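In: Quick check, what structure comes out for this input:
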Amino acid sequence: MELEKLKNKVLNGGDISRQEAIDLYKEDYDELRKAAEEIREHFCQDQFDMCTIINAKSGHCPENCKFCAQSTHSHAEVEVYSLLDKDTIVKDAIEKYRRGVPRYSLVSSGKSLTEDDIDKVCEIVKDIHEQEPEVKVCLSGGLISAEGFKKLKDAGVLRIHNNLESSENFFKEICTSHTYDQKIQAIKDAKNAGMEVCSGGIIGLGEDIEDRVDMFFNLRNLNVASIPVNVLNPVKGTPMENNKILDQEEINRTIAICRFINPKAAIRLAGGRANMEELGKSCFRSGANAAITGDMLTTRGASLEDDMQMVKEMDYDICAM
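Out: Numbers count the residues shown, from 1 in each chain. All right, here's what the predicted structure looks like:
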């Protein structure tokens with residue numbers, strides 16, 4: 001009865017409370033997933049937002065995020081290189097778009113892009129749009145300044161990605177070289193520049209369900225359009241290499257609760273798919289309606305071909321939400 005009540009509350013435009021969201025985690029698994037799907041269908045219909053990313057600048061990041069293989073504080077083996085050349089990125093973006101992926105994101109390691117790198121990204125984006133004006137270009141470039149966001153927006157970057165990672169309370173357990181408030185300020189600066197925002201986090205870091213709920217509420221309060229849900233894939237050489245890999249039920253319950261809290265968002269399955277059953281297919285019957293296709297930054301993901309086939313079989317329509 002409580003599950004049905006909360007579902008109808010959301011369907012009628014209401015918001016659930018923090019405690020109600022926490023209590024949802026204990027509801028019957030199948031019924032919780034079914035309710036989340038009803039909410040997804042009501043607000044998003046059968047739209048499926050697909051994107052792909054390129055590791056545009058890799059390694060040597062000075063930040064101490066415990067989950068990240070690209071941090072200089074980890075001992076993981078990763079490729080290290082500066083911003084890829086324009087031709088490489090443009091060619092990859094056009095190829096992915098022509099294969100059916102509407103969104104393309106450049107992801108850069110480091111606390112923030114340098115001014116020189118921002119100028120280079122602007123030129124890259126302009127070149128992409130000269131060949132394919134409809135490509136939705138996104139960027140994950142760290143704690144960029146308000147002026148940098150404005151420059152990128154003017155060049156054609158539609159959306160900025162900046163994960164909160166977890167709750168404000170738990171964040172200090174995974175990173176101390178920058179703050180939660182800095183992340184929130186960067187998101188606000190991007191929005192003030194007229195950009196859309198993609199922001200989510202990682203589950204399986206050692207946080208509890210309350211931390212996940214708090215993160216989802218923070219994202220709701222920031223009115224984030226796209227919420228990537230990453231599931232930690234423990235990488236050897238990082239401080240979290242021995243973390244337990246989450247099982248599929250816990251992942252799906254978390255996604256369902258995210259849908260209750262953020263009914264209109266594109267909830268995007270991101271990192272960690274290689275460890276999931278059927279590459280996380282059941283997530284898309286638990287409230288998720290978006291995905292990053294292809295490999296992640298330093299780990300394997302789902303192939304574009306497999307994702308295209310899956311989306312077709314599930315009767316979703318690929319679009320850019």
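In: May I have the beta-bridge partners of the one residue sitting closest to the centre of the chain?
Out: Nearest to the mean C-alpha position of the chain, by Cα atoms, centre = their mean, lies P228 at 2.4 Å. Taking DSSP bridges as the rule, P228 bridges to R268.
In: How about the contacts made by it?
Out: Contacts of P228 were listed using Cβ atoms under 8 Å, 6 or more residues apart in numbering, and they are H161, N163, C198, S199, G200, G201, R268, L269, A270, I292. Where C-beta positions appear, they are placed from N, C-alpha and C, glycine not excepted.
In: Might you report the residue contacts of I251?
Out: So, once contact is read as Cβ under 8 Å, 6+ apart, I251 ends up touching I203, V229, V231, M276, G280, C283.
In: What distance do you get for it to V231?
Out: 6 Å (Cβ to Cβ, to the nearest Å).
In: Return every residue with contacts to both of these two.
Out: I203, M276.
In: Output the below-cut-off pLDDT ranges for the stretch 151-300 of the chain.
Out: Scanning the stretch 151-300 of the chain for pLDDT under 70 picks out the ranges 295-300.
In: So which of the contacts of I251 are in strands?
Out: I203, V229, V231 (DSSP state E).
In: Please report the distance of the last one from E165.
Out: Distance, V231 to E165, using Cβ to Cβ: 13 Å.
In: For the two, work out which one has more neighbours and name it.
Out: Counting neighbours by other Cβ atoms under 10 Å for V231 and for E165 shows that V231 has the greater number, 25 against 22.
In: out of everything not next to it in sequence, what's closest to the more buried one?
Out: Beyond its immediate neighbours in the sequence, the residue positioned closest to V231 (Cβ to Cβ, 6 or more residues apart in numbering) is G272, lying 3.1 Å away.
In: Wait, V213 touches R18, no?
Out: Yes: V213 lies in contact with R18 (Cβ atoms under 8 Å); the separation is 6.1 Å.
In: The two: which is more packed in?
Out: Here V213 and R18 are set side by side on neighbour count (other Cβ under 10 Å), and the busier one is V213, at 24 against 13.
In: Would you mind listing the residues in contact with the more buried one?
Out: By Cβ under 8 Å, 6+ apart, the residues touching V213 are R18, A21, I22, I257, I261.
In: Can you give me the buried ones in the host helix or strand of it?
Out: Secondary structure here is read from DSSP states H and E; on that basis V213 sits in helix 209-221. By neighbour count on 16 or more other Cβ atoms under 10 Å, the buried set for helix 209-221 is I209, E210, D211, R212, V213, D214, M215, F216, F217, N218, L219, R220.
In: Now name the helix or strand holding D189.
Out: For D189, the enclosing helix or strand under DSSP H and E is helix 180-192.
In: re the thing from before, relative to V101, which of the buried residues of helix 209-221 is nearest.
Out: Distance to V101, by Cβ to Cβ, is smallest for L219 among these, at 23.7 Å.
In: thought the closest one was touching I267?
Out: No: taking contacts as Cβ under 8 Å, L219 lies outside contact range of I267: 10.1 Å.
In: any common contacting residues for these two?
Out: Common neighbours of L219 and I267, using Cβ under 8 Å, 6+ apart, are I227.
In: residues in contact with I187?
Out: Contact analysis of I187 by Cβ under 8 Å, 6+ apart lists I160, N162, V197, S199, L222, V224.
In: And those residues, which two are furthest apart?
Out: Largest separation among those by Cβ to Cβ: I160 and L222, giving 12.0 Å.
In: ok, of the buried residues of helix 209-221, which one's closest to G237?
Out: The shortest distance between G237 and any of the buried residues of helix 209-221, using Cβ to Cβ, involves D211 and amounts to 24.8 Å.
In: so what's the spatially closest residue to the closest one that is not a sequence neighbour up against?
Out: Take D211 and drop its neighbours on the chain: the residue closest to it by Cβ to Cβ, 6+ apart is S167, 3.9 Å away. By Cβ under 8 Å, 6+ apart, the contact set of S167 is E207, E210, D211, R212, D214, M215, N218.
In: where exactly do the helices run in the stretch 1-150 of the chain?
Out: In the stretch 1-150 of the chain, the segments counted as helices under DSSP state H, counting those that start in this stretch are 2-11, 18-24, 29-44, 86-98, 115-131, 146-155.
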